[in-house]
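*Asks:* Could you work out the structure for the sequence below:
(one chain, ligands or ions: 1)
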Amino acid sequence: MSELSNMKCEACRADAPKVSDDELAALIREIPDWAAIVRDDVMQLERVYKFKNFKQALAFTNKLAELAEAEFHHPGIFLEWGKVTVTWWTHAIGGLHKNDFIMAAKTDALLSDA
Ligand SMILES: C[C@H](O)[C@H](O)[C@H]1CNC2=NC(N)=NC(=O)C2=N1
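*Replies:* Okay, the predicted model is just below:
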């Protein structure tokens, strides 16, 4: 588990810088199951989680929602039977901030929670 999962998000500010190419290259290596994609001109982190059924996918979704509220940083969540697609980016800057990598690592850590 990456050290990122033990960090706290900083407040989202509109003037915060997006991660640089070098920062992106270093940070993405810490969350190897995530992809950095560009959607509607916005760089985002995305991962698909697989589950046995809808009930388990929903339970994970609810845990993620609690995490987002606790950190006041919110993902895109697409819930389907047996699948949850999670997308992280920072709306305030229209791209990726270190917060997004922290939250992706924290999202992964939810899987190991009981
Ligand atoms: C008003 C604004 O949406 C809030 O300050 C927070 C809430 N959660 C957020 N979540 C994400 N992913 N990006 C934001 O910029 C963001 N801003």
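
*Asks:* ok now do the closest residue to G76 other than its chain neighbours, which residues does it touch?
*Replies:* Nearest residue to G76 in three dimensions, chain neighbours excluded: T87, at 3.7 Å (CB to CB, 6 or more residues apart in numbering). Using the backbone N, CA and C atoms, a C-beta is placed for each residue, glycine as well. Applying CB atoms under 8 Å, 6 or more residues apart in numbering to T87 gives the contacts R39, Q44, L45, E46, P75, G76, I77, F78.

*Asks:* Next: T90.
*Replies:* Counting by CB under 8 Å, 6+ apart, T90 has contacts C12, A16, K18, H73, L96, H97, N99, D100.

*Asks:* So Q44: helix, strand or coil?
*Replies:* strand (DSSP: H, G, I helix; E, B strand; the rest coil).

*Asks:* and the gap between it and L58?
*Replies:* According to CB to CB, to the nearest Å, Q44 and L58 sit 23 Å apart.

*Asks:* For those two, indicate the residue with more neighbours.
*Replies:* Q44 (20 against 14; other CB atoms under 10 Å).

*Asks:* per-residue pLDDT, that one?
*Replies:* Note for Q44: predicted pLDDT of 98.

*Asks:* What separation is there between the residue lying closest to it once chain neighbours are set aside and F51?
*Replies:* Distances taken as CB to CB, 6+ apart put W89 closest to Q44, at 4.1 Å, once the chain neighbours are dropped. Here the criterion is CB to CB. By it, W89 lies 23 Å from F51.

*Asks:* Many thanks, I have nothing further to ask.
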